[in-house]
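Peer 1: Here's my sequence, what's the structure:
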Amino acid sequence: AKQMFVFNFMMDMIFGLDIIKNFSTGYVEDSTGNIIMNRKTITVTYVKTWFVIDLVSMLPIDAALEWGLVNLGEGDTVRMAKMLKPIRLIRLAKIMKLIR
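Peer 2: The predicted model follows:
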């Protein structure tokens with residue numbers, strides 16, 4: 001359990017750094033093929049697309065539960081983990097795509 005906690009904590013930190021990076025990373029506009037490097041445009045596009053998923057997926061729910069910052073019943077903890085799993089999988093798929 002301790003090893004999984006450490007792994008999840010490290011992933012949360014990596015996801016957090018990725019969020020910061022995404023506010024400054026240009027992208028190719030699908031419709032025109034133009035490379036977008038304007039920071040305001042990048043920020044607005046990121047906030048409208050991946051930001052919420054990225055933010056929710058990096059929330060340290062495991063740490064909050066471990067440190068007693070969130071008090072949930074046994075069933076609520078399992079439900080929370082099940083709800084966050086698909087979001088984290090989407091996030092992981094995005095990162096794997098970027099690595100390739």
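
Peer 1: quick one: pLDDT of the residue positioned nearest the centre of the chain?
Peer 2: Residue closest to the average C-alpha location in the chain (C-alpha atoms, centre = their mean): Asp54, at 2.9 Å. What the model reports for Asp54 is a pLDDT of 84.

Peer 1: Quick one: low-confidence residue ranges for the chain.
Peer 2: By pLDDT under 70, the weakly predicted segments of the chain are 1, 61-78, 80-81, 83-84, 97-98, 100.

Peer 1: let's go with 90 and repeat that
Peer 2: By pLDDT under 90, the low-scoring segments of the chain are 1-16, 18, 50, 52-100.

Peer 1: sorry, back to before: chain neighbours aside, what residue packs nearest to the residue nearest to the centre of the chain?
Peer 2: Among residues not flanking Asp54 along the chain, Ile19 sits closest, at 5.1 Å (C-beta to C-beta, 6 or more residues apart in numbering). For the C-beta atoms, the positions are set from N, CA and C on the backbone; glycine is no exception.

Peer 1: What is the neighbour count of the one you found?
Peer 2: 16 (other C-beta atoms under 10 Å).

Peer 1: From the contact counts, what lies against the helix or strand hosting it?
Peer 2: Using DSSP states H and E, Ile19 maps to helix 2-22. When contacts are defined as 3 or more C-beta pairs under 8 Å, 6 or more residues apart in numbering; DSSP states H and E, helix 2-22 packs onto helix 51-58, helix 61-66.

Peer 1: distance of the residue nearest to Asp54 from Arg88?
Peer 2: Noted for Ile19: a distance of 14 Å to Arg88, by C-beta to C-beta, to the nearest Å.

Peer 1: got it, and Phe5?
Peer 2: 15 Å.

Peer 1: Neighbour count: the two, which is higher?
Peer 2: Arg88 (19 against 13).

Peer 1: hang on, isn't the more buried one packed against Asp54?
Peer 2: No. Using C-beta atoms under 8 Å, Arg88 is not in contact with Asp54, being 10.7 Å away.
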